[in-house]
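In: Okay, sequence plus prediction incoming.
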Amino acid sequence: MTAKQQKYTDLVKQIDAVLEGETDTTLKMVTINCILYQAFADWSWTGFYRVKNDALIVGPYQGTLGCLHIPFEKGVCGKCARTLETQVVEDVHALEQGTEHIACDPNSQSEIVIPVFNNNYDLIAVFDVDSTKKAAFDSTDKYFLEELLKNHFTEAPLS
Ligand code: SME
């Protein structure tokens, strides 16, 4: 197992233990953000955008002020919500600004966005992580973040 895989394995165990038996959505989102944000020195922004009326609104996060509203048509988060697939961007500056990428965090160089489903397979949120390093995210981040986010949310999208 690589050092990064070991780190994620430990973090997932810690999050699962802290959240055992918890049902409140905000509590769970805040806890996941806090534990992950503290664990990676180059992560400058972590947060949930929640699905509401076929658009995204900012939810619990850590970092600089996040965009409040993101339409499904825009940005990396919007693409994740449209395609229902994790988006990994090695260099956010290589994307067209305002359409393919929305620059909320000025320190961001690379980004990963993971879809968050409930147990009905409805999309309820996306989880966005920004890094100050280029190409910070790879298949290990994708695998562990997808696994982590699979197991915690049962609620319906906001209405
Ligand atoms: N960069 C995202 C917007 C959210 S901020 O990074 C916090 C995007 O392009 O969807």
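Out: Received the coordinates, thanks.

In: Quick check: beta-bridge partners of the residue most central in space within the chain?
Out: Nearest to the geometric centre of the chain sits residue 127, at 1.8 Å (CA atoms, centre = their mean). Under DSSP bridges, the beta-bridge partners of residue 127 are residue 48, residue 114.

In: just the strands in the chain please.
Out: 43-52, 55-62, 69-71, 87-89, 110-117, 123-131 (DSSP state E).

In: Please produce JSON lines containing these, extended by mean pLDDT and distance to residue 14.
Out: Glycine gets a C-beta too; all of them are placed from N, C-alpha and C. Below are the strands of the chain laid out as JSON lines (pLDDT from 0 to 100; distance: least, CB to CB, whole Å):
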{"stretch": "strand 43-52", "mean pLDDT": "97", "distance to residue 14": "15"}
{"stretch": "strand 55-62", "mean pLDDT": "98", "distance to residue 14": "16"}
{"stretch": "strand 69-71", "mean pLDDT": "97", "distance to residue 14": "29"}
{"stretch": "strand 87-89", "mean pLDDT": "98", "distance to residue 14": "24"}
{"stretch": "strand 110-117", "mean pLDDT": "98", "distance to residue 14": "18"}
{"stretch": "strand 123-131", "mean pLDDT": "98", "distance to residue 14": "17"}
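
In: most tightly surrounded among those?
Out: Compared across these, strand 123-131 shows the largest average neighbour count, a mean of 26 (mean count of other CB atoms under 10 Å).

In: My read is that residue 42 contacts residue 132, right?
Out: Yes. Using CB atoms under 8 Å, residue 42 is in contact with residue 132, at 5.1 Å.
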